[in-house]
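Visitor: When you get a sec, could you give me coordinates for this:
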Amino acid sequence: MEVAVLDLQILKQLPRETVWEDVASPLGPLTVLVSDNGVHAIAFESDQTEQAKTNLPRTEDHPIINAATEQLAMYFNGTLKVFDLSLDLLGTDFQKRVWELLLEIPFGETRTYGDIACALDNTGASQAVGAANGKNPVAIVVPCHRVIGASGHLTGYAGGMDKKRFLLTHEGVIQPTLFG
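Guide: This next block holds a predicted model:
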């Protein structure tokens, strides 16, 4: 399971007035889905994302999409470390608790799945945390890329490990290498 692709369960929960727009990024286009309640998803390009877009209206001017576009550009150019966007996270109560903890991981730092489980007062929940992390619909802003394996190694990410490595290098967690 990859993160930050549009999950069917999330699509079923979207408010009727949800709209979308594609935003350019160094990682390729990001699809931003919003309603007046806030950002519901920021998803990498995928077949699922493209399919979801066919059922929702596109917009060129929505204040929340405009704010997301501006803040993502600032993040990628290095001038923004903390997002200030209205979020409307759609998921189970457990998933939302995990995602709220992800929002507390500072720019340039990482946590393990076990760290998140401990913060939930459930040290045995590392796999459940991983599953919730994998359902995160709001890539980059809800920083699931900052969660790594207990060994310190990078673990799965939507669009591939290259995107996760790029984001963690951008944040200074991983030092760039000369040979990729």
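Visitor: So His62 is in contact with Thr18, correct?
Guide: No: assessed by Cβ atoms under 8 Å, His62 is found out of contact with Thr18, at 10.3 Å. C-beta coordinates here come from the backbone N, C-alpha and C atoms, glycine included.
Visitor: hey, what's in contact with both of these two?
Guide: Residues touching both His62 and Thr18 by Cβ atoms under 8 Å, 6 or more residues apart in numbering: Val34.
Visitor: Give me the distance between Val129 and Thr31.
Guide: For Val129, the distance to Thr31 equals 25 Å [Cβ to Cβ, to the nearest Å].
Visitor: Pull up the per-residue confidence for the residue most central in space within the chain.
Guide: The residue lying closest to the centre of the chain (Cα atoms, centre = their mean) is Ala139, at 1.7 Å. pLDDT recorded at Ala139 is 93.
Visitor: sorry, back to before: pick out whichever of Val129 and Thr31 has more residues nearby.
Guide: A direct count of neighbours by other Cβ atoms under 10 Å for Val129 and Thr31 places Val129 higher, at 27 against 24.
Visitor: what about that one, distance to Thr112?
Guide: For Val129, the distance to Thr112 equals 9 Å [Cβ to Cβ].
Visitor: For Glu70, pull up the helix or strand it's in.
Guide: Assigned by DSSP states H and E, Glu70 falls within helix 63-76.
Visitor: Quick check: what element follows that helix along the chain?
Guide: helix 93-102.
Visitor: Could you give the average pLDDT over that next one?
Guide: The pLDDT scores in helix 93-102 average 97.
Visitor: As PDB, could you dump the C-alpha coordinates of it?
Guide: Provided in PDB are the C-alpha atoms of helix 93-102 (Å, rounded to 0.1, in the frame of the first residue of the first chain):
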ATOM      1  CA  ASP A  93     -10.500   7.900  14.600                       C
ATOM      2  CA  PHE A  94      -7.200   5.900  15.000                       C
ATOM      3  CA  GLN A  95      -5.900   7.200  11.600                       C
ATOM      4  CA  LYS A  96      -6.700  10.800  12.600                       C
ATOM      5  CA  ARG A  97      -4.900  10.400  15.900                       C
ATOM      6  CA  VAL A  98      -1.800   9.100  14.000                       C
ATOM      7  CA  TRP A  99      -2.000  11.900  11.500                       C
ATOM      8  CA  GLU A 100      -2.300  14.500  14.200                       C
ATOM      9  CA  LEU A 101       0.900  13.100  15.800                       C
ATOM     10  CA  LEU A 102       2.700  13.300  12.400                       C
END
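Visitor: just the strands in the chain please.
Guide: All strands of the chain, identified by DSSP state E, fall at 19-23, 30-35, 38-44, 111-112, 147-148.
Visitor: Rebuild those strands as JSON lines, extending it with mean pLDDT and distance to Glu171.
Guide: As requested, these are arranged in JSON lines below (pLDDT from 0 to 100; distance: least, Cβ to Cβ, whole Å):
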{"stretch": "strand 19-23", "mean pLDDT": "96", "distance to Glu171": "19"}
{"stretch": "strand 30-35", "mean pLDDT": "96", "distance to Glu171": "17"}
{"stretch": "strand 38-44", "mean pLDDT": "95", "distance to Glu171": "17"}
{"stretch": "strand 111-112", "mean pLDDT": "96", "distance to Glu171": "13"}
{"stretch": "strand 147-148", "mean pLDDT": "94", "distance to Glu171": "12"}
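Visitor: Done for today, thanks.
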